[in-house]
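Colleague: Attaching a predicted model along with its sequence, questions to come.
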Amino acid sequence: MGHSHSHDTGNSEPSAATIGARQRANLLLAAILVPVGILTVIGMILLWPSGDRSSVTIANPYATADGVSIEVGQVERVSLEDCPSSQPTVDAGGEALQCQVAYTVPDAGGAPIPVEVTPELARAGAVEAGDKIRYLNLDGVIQGGSAPYIFMDFVRTVPMMWLAVLYAVVVVAVARWRGLRAMIGLVGALVVLAQFILPGLVEGKPPLLLALVGSVVIMIGVLYFAHGFSARTSTALLGTLFGLSITALLAAWATESIYLFGVGDENAYALVNASGEVSISGIIMCGLIISGLGVLNDVTITQSSAVWELYELAPNTSARRLFTGAMRIGRDHIASTVYTIAFAYAGAALPLLILVSLYDRTVLENLTSGELAEEVVRTLVGSIGLVLAIPATTLIAVLVVKSVGLRRQPVDDDGGPTPGVLAAENAVGGAAARGGVAEDAVVEGAAVEGAPTEPADDLVAAAQTRRSRRDAEARGNG
């Protein structure tokens with residue numbers, strides 16, 4: 001039996017069938033997402049904060065009394081000596097206390113001055129020569145010989161800027177234009193958080209609606225800006241919205257049922273005393289919803305791409321087999337991502353975990369205590385939304401790719417699909433079961449008995465060409 005090869009799959013441009021299928025997919029998804037976008041914009045307009053903070057009264061911890069100033073200087077040397085603040089005790093005939101003193105050269109100029117370091121930092125040996133610090137200048141205010149200069153904080157601007165630059169360089173070097181767009185999208189997400197969500201919470205806007213509207217705006221902006229306008233991205237967005245909805249419902253239920261009211265949190269008490277409009281439970285609920293956005297975005301875009309890649313390599317694969325194969329890949333992603341969420345929260349709360357572990361209580365009492373309950377609930381709620389978003393995204397992607405009807409395959413001299421294509425399609429589920437990528441499915445399908453390798457090679461080249469073309473389109477969109 002002769003064979004004719006579909007070499008158009010290796011062209012730099014997609015075929016007319018592929019273009020038509022993608023256009024139909026975009027139209028189908030737009031019919032769903034455009035109304036969602038319109039409702040989101042309306043919600044954002046209705047919930048937009050007024051910016052009036054006249055009802056909020058909160059003391060600025062960095063405010064100083066009359067005659068007291070915050071100044072900056074560089075530490076010249078550090079020594080252990082009599083505390084300047086114990087001079088009144090010495091004058092009264094007592095014994096001076098020992099403390100760490102950092103002799104600091106003020107940025108404004110002048111001789112080095114003795115800055116008394118707090119005992120906690122002194123024990124850690126945190127202040128060293130060459131450090132840039134902020135200190136309170138009490139000279140002229142404190143009388144009786146007490147220390148006129150007190151350590152306040154480190155100046156971290158330069159090292160943090162270098163770290164941010166390194167982060168940007170690494171992301172752009174590895175991900176190129178897509179990485180740059182992702183970072184710009186992150187900046188936009190932080191603007192939405194700072195200008196919409198946080199002020200809205202302060203003004204007492206409905207926290208559930210505020211979190212949902214703000215999160216949808218962030219996800220629409222981040223996904224399309226980083227990954228471009230495509231059917232894959234739109235499918236991932238639908239899956240993200242599903243996971244976000246589940247997370248929001250669970251967060252609303254958990255906040256009330258598990259009594260998450262910020263008990264024991266000093267910041268919560270400060271907010272309650274600052275304004276009668278602030279709801280601590282509402283802030284906690286909003287935090288539960290927002291905290292999982294990044295990971296949720298990651299798994300949905302990956303799962304959507306997996307379905308599209310598998311389908312374009314083997315368009316005649318049945319919907320059931322396509323869903324099953326993609327879900328085998330998704331299960332591996334679920335396992336690794338759940339660990340990511342748990343360890344991320346554990347790392348952020350490590351000092352608290354150590355402190356709670358020292359209490360004379362059982363593990364169950366510690367995990368359900370007011371100190372750890374919020375972290376545990378955040379992990380569970382975020383993980384449930386994440387896990388359910390993967391099958392939802394997979395199902396949506398399968399329904400979309402099947403409904404748009406991509407039909408492009410090599411044929412033999414009798415007009416039927418070549419054995420290589422049939423083998424590739426049959427191998428999709430098997431390779432996915434082992435966590436393999438779509439190309440592995442094609443290569444293994446071509447290796448079955450009686451299957452020629454050339455059509456499979458064409459499909460491998462097609463997959464590589466598609467990826468190169470998507471990267472080029474992404475660079476063009478950037």
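Modeller: Perfect, I can see it now.

Colleague: C-alpha only now, for contacts and for neighbours.
Modeller: Will do.

Colleague: what's the following helix or strand after the helix or strand P351 falls within?
Modeller: Using DSSP states H and E, P351 sits in helix 350-357. Using DSSP H and E, the helix or strand that follows helix 350-357 in sequence is helix 363-367.

Colleague: Select the helix or strand of the protein having the lowest average pLDDT value.
Modeller: Ranking every helix and strand in the chain by mean pLDDT, DSSP states H and E puts helix 438-446 at the bottom, with a mean of 37.

Colleague: ok, back up a step: rounded mean pLDDT for the helix holding P351, please.
Modeller: Average pLDDT, helix 350-357: 83.

Colleague: Run through who's touching it.
Modeller: Applying Cα atoms under 8 Å, 6 or more residues apart in numbering, the contact partners of helix 350-357 are A346, N366, E371, L372.

Colleague: Restricting to C-alpha, output that helix in CSV.
Modeller: Extracted C-alpha coordinates of helix 350-357, given in CSV (Å, rounded to 0.1, in the frame of the first residue of the first chain):
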residue,chain,number,x,y,z
LEU,A,350,7.3,29.1,60.0
PRO,A,351,7.9,31.3,63.1
LEU,A,352,4.3,30.8,64.2
LEU,A,353,4.6,27.1,63.6
ILE,A,354,7.6,26.9,65.8
LEU,A,355,6.0,28.9,68.6
VAL,A,356,2.8,26.9,68.5
SER,A,357,4.7,23.6,68.5
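
Colleague: Sort the contacts of helix 350-357 by pLDDT and name the bottom one.
Modeller: Looking at those by pLDDT, the weakest one is E371, with 75.

Colleague: Low-confidence stretches in the stretch 251-400 of the chain?
Modeller: 263-264 (pLDDT under 70).

Colleague: Now do the strands in it.
Modeller: Under the criterion DSSP state E, counting those that start in this stretch, the stretch 251-400 of the chain contains no strands.

Colleague: re earlier: for the helix holding P351, which positions count as buried?
Modeller: Using 16 or more other Cα atoms under 10 Å as the burial criterion, the residues of helix 350-357 that qualify are L353, V356.

Colleague: Need the nearest residue in space to L193, chain neighbours excluded.
Modeller: Nearest residue to L193, sequence neighbours excluded (Cα to Cα, 6 or more residues apart in numbering): G214, at 7.3 Å.

Colleague: Show me which of the contacts of helix 350-357 is closest to G67.
Modeller: Ranked by distance to G67 (Cα to Cα), the contacts of helix 350-357 are led by E371 at 39.4 Å.

Colleague: Could you pick out the longest helix of this structure?
Modeller: helix 157-192 (DSSP state H).

Colleague: Which residues does the helix or strand following that one contact?
Modeller: Using DSSP H and E, the helix or strand that directly follows helix 157-192 along the chain is helix 198-202. Residues outside helix 198-202 that contact it (Cα under 8 Å, 6+ apart) are L47, W48, P49, G51, P207, L210, S275, E277, V278, S279, G282, I283.

Colleague: Now do the last one against G262, distance only.
Modeller: By that I understand I283. Distance check for I283 against G262: by Cα to Cα, to the nearest Å, it reads 9 Å.

Colleague: Compare neighbour counts for those two and give me the winner.
Modeller: I283 (23 against 18; other Cα atoms under 10 Å).

Colleague: residue contacts, the more buried one?
Modeller: I283 neighbours (Cα under 8 Å, 6+ apart): L201, P207.

Colleague: And it, how close does it get to S291?
Modeller: Computed as Cα to Cα, the I283 to S291 distance reads 12 Å.

Colleague: Same question for stretch 282-297: list its buried residues.
Modeller: Buried, per 16+ other Cα under 10 Å, within stretch 282-297: 282-293, 295-297.

Colleague: Next, check the residues you listed against the helices and list the overlap.
Modeller: Judged by DSSP H, these include 282-290, 293, 295-297 as members of helices.

Colleague: which one of those residues sits closest to G385?
Modeller: Nearest to G385 out of those is L296 (Cα to Cα; 7.9 Å).

Colleague: Could I get the contacting residues of the closest one?
Modeller: Here L296 is in contact with T240, G243, G385, L386, A389 (criterion: Cα under 8 Å, 6+ apart).

Colleague: Tell me who's in contact with the fourth one.
Modeller: When contacts are counted by Cα under 8 Å, 6+ apart, L386 is found next to G243, G292, V295, L296, V299, I334.

Colleague: what do you get for the last one?
Modeller: Neighbour list for A389: G239, T240, F242, G243, L296, T300 [criterion: Cα under 8 Å, 6+ apart].
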